[in-house]
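1. Need a 3D model of the sequence below.
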Amino acid sequence: MAVDSFAESLQRLLYTQLAPQLRYRALLIQCTDLGVLRVIEEKVSGALLADGRIFTVVQAQTQFDAIGAKPCRQLIDDLEKLWTKQHLLLTGPLHFLDFWPPPARSAFWSHFATVTSSPGIIIFDVPRDIDTEDIFKVMGKIPGTDARYLKSRLAATQDGLV
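-> You can find the predicted model right below:
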């Protein structure tokens, strides 16, 4: 697939999955190949820039303090301050999740699945089926890659995406 058509398909994905009329505002992109994940992150950033959208990039590796991974509630509070007025790109892989117990991981994913007060949150990570399978639904694959994109299962009833 040509680079231009790849960028165009990502731009279409953002328009359809984060359209202003949709209630649930988080899009999860998962890919096993970290090189491909980085390219997707760059292309999504480029698509947002090309569209004149304001966004903040938060890298997962910055979610550690002197002790280890930041607590779930602190991380959510910190990110909420950013995503209410602009797009948020949380780039992964999200290794901080590996430090949390299952209830904290579930709280993290459940919180993102219910975000409605943001222009859009895009989370880039490796597949975490055990943590995300009940909360998110695979909506499709990004053409030419092994990457898949997921939306909240709540979108099935509210947004009619499923």
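
2. Mind checking the pLDDT average for the lengthiest helix in the chain?
-> Ordering each helix of the chain by length in residues (DSSP state H) puts helix 34-50 first. Across helix 34-50, pLDDT averages out at 91.

3. mind listing what's buried in that helix?
-> Buried residues in helix 34-50, counted by 16 or more other CB atoms under 10 Å: 37, 39, 40, 41, 43, 44, 45, 47, 48. Bear in mind the C-beta positions are built from the backbone N, C-alpha and C, glycine included.

4. Could you do stretch 66-83 as well?
-> 69, 70, 72, 75, 79, 82, 83.

5. what residues does it touch?
-> Identification of contacts with stretch 66-83 by CB atoms under 8 Å, 6 or more residues apart in numbering yields 25, 56, 58, 63-64, 88, 90, 95-100, 104-105, 107-108, 111, 115, 117-119, 121.

6. What segments of the chain are strands?
-> For the chain, the strands defined by DSSP state E occupy 26-30, 55-59, 87-91, 121-125, 136-141, 148-152.

7. got any ranges where this structure has weak pLDDT?
-> Within the chain, the ranges that satisfy pLDDT under 70 run 1-4, 156-162.

8. Determine which residue lies closest to the centroid of it.
-> residue 123 (1.9 Å; CA atoms, centre = their mean).

9. my guess is that residue meets residue 97, correct?
-> No - Residue 123 is beyond contact range of residue 97, at 10.8 Å (criterion: CB atoms under 8 Å).

10. Please report the distance of the closest residue to residue 108 other than its chain neighbours from residue 94.
-> Distances taken as CB to CB, 6 or more residues apart in numbering place residue 72 nearest to residue 108, at 5.3 Å, with adjacent residues excluded. According to CB to CB, to the nearest Å, residue 72 and residue 94 sit 12 Å apart.

11. Over to residue 142?
-> 18 Å.

12. go on, residue 149?
-> Distance, residue 149 to residue 94, using CB to CB: 16 Å.
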